[in-house]
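Novice: sequence and predicted structure, then a few things I'm wondering about:
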Amino acid sequence: MKEKIITKNQWRIIITGFIIVLAGFVLRYGNKSQDPSTFKYKEVYSPRRITVAPILMTAGYTLIAIGIVWKNRYSQ
């Protein structure tokens, strides 16, 4: 029987990474401004958009990469 290229554990890690990246994009998403002629500094440069979302996205992409290259401890 052929050995699978990507194991069940790897798929779990990759899917978890995708969910974390998706959560980062959702946090990054902003509301539409009611008045396009005004600039709301606190909405655009909020810590959620500038700090938390990019950290989550980077962690998710890193988890995806780890899931791809992960070797099962018990495989020969």
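Specialist: Yes, it's here. Given the structure is predicted, the values throughout are model-derived calculations rather than measurements.

Novice: and the lowest-mean-pLDDT helix or strand in the chain, which residues are buried?
Specialist: For the chain, the helix or strand with the lowest mean confidence is helix 41-44, at a mean of 79 (criterion: mean pLDDT, DSSP states H and E). Within helix 41-44, no residue qualifies as buried by neighbour count (16 or more other CB atoms under 10 Å). Glycine gets a C-beta too; all of them are placed from N, C-alpha and C.

Novice: mind listing what's buried in the host helix or strand of L63?
Specialist: Secondary-structure element containing L63, defined by DSSP states H and E: helix 53-69. Residues 53, 56-57, 60, 63-64, 67 are the ones in helix 53-69 that count as buried (16+ other CB under 10 Å).

Novice: who's in contact with that helix?
Specialist: The contact list for helix 53-69 (CB atoms under 8 Å, 6 or more residues apart in numbering) reads 6, 10-14, 16-25, 27-28.

Novice: packing partners for whichever helix in the chain runs longest?
Specialist: For the chain, the longest helix by residue count, based on DSSP state H, is helix 8-28. Judged by 3 or more CB pairs under 8 Å, 6 or more residues apart in numbering; DSSP states H and E, helix 8-28 is in contact with helix 53-69.
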